[in-house]
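S.K.: Build me a model from this:
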Amino acid sequence: ASNCPRDVVEDCLDTAGLLQHFAHVIVPEKQVRPKPHPDVYLSAAAACGAEPVDCLAVEDSLCGIRSAVRAGLRVLGVGPGPDRESLAMADHWVRSLEDRALLVWARSRALSGVLR
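M.R.: Residues are numbered from 1 along each chain as shown. Okay, here's the model as predicted:
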């Protein structure tokens, strides 16, 4: 689920060697409005056959966080120095996806049944 154009998302995922791991790429087009509307995330959850409450958005922007929260997803914020609003809305915040605290947080959430 991204606000970027489809070709940009698919090219980036392909360059990173990740495109083959995605069954769906959801971007604003046709009836799907861009973030901060919840449409991108709601469409992504539906395409995966999941309820939004069972999904986790990984976001680095206030716009994206607002979109995910409005869609009913949990949010992992990523990046240095989040603003207060972003920090307040995210379920957890890390400076980088390489942050070891992320694994501890994810394991604790999985063990408690919050993340499946």
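
S.K.: which residue sits closest to residue 101 in space, ignoring its chain neighbours?
M.R.: residue 94 (6.2 Å; C-beta to C-beta, 6 or more residues apart in numbering). In short, each C-beta sits where N, CA and C put it, glycine included.

S.K.: phi, psi of the one you found?
M.R.: Per-residue torsions, residue 94: phi -130, psi 150 (degrees, to the nearest 10).

S.K.: Just give me the neighbour total for it.
M.R.: Using other C-beta atoms under 10 Å, residue 94 is surrounded by 19 other residues.

S.K.: how close does it get to residue 35?
M.R.: 20 Å (C-beta to C-beta, to the nearest Å).

S.K.: Find the nearest non-adjacent residue to residue 33, please.
M.R.: Using C-beta to C-beta, 6+ apart, the closest residue to residue 33 is residue 39 (4.4 Å).

S.K.: residues in contact with the one you found?
M.R.: By C-beta atoms under 8 Å, 6 or more residues apart in numbering, the contact list for residue 39 reads 28, 31, 32, 33, 71.

S.K.: got a list of what the third one touches?
M.R.: I take that to be residue 32. Applying C-beta under 8 Å, 6+ apart, the residues contacting residue 32 are 26, 39, 40, 43.

S.K.: Now for the third one, how many residues are close by?
M.R.: To tie it back to what came earlier, the one meant is residue 40. 25.

S.K.: mind listing what the closest residue to it other than its chain neighbours touches?
M.R.: Of all residues not flanking residue 40 in the chain, residue 1 sits nearest, at 4.5 Å (C-beta to C-beta, 6+ apart). By C-beta under 8 Å, 6+ apart, the contact list for residue 1 reads 26, 27, 40, 41, 43, 44, 57.
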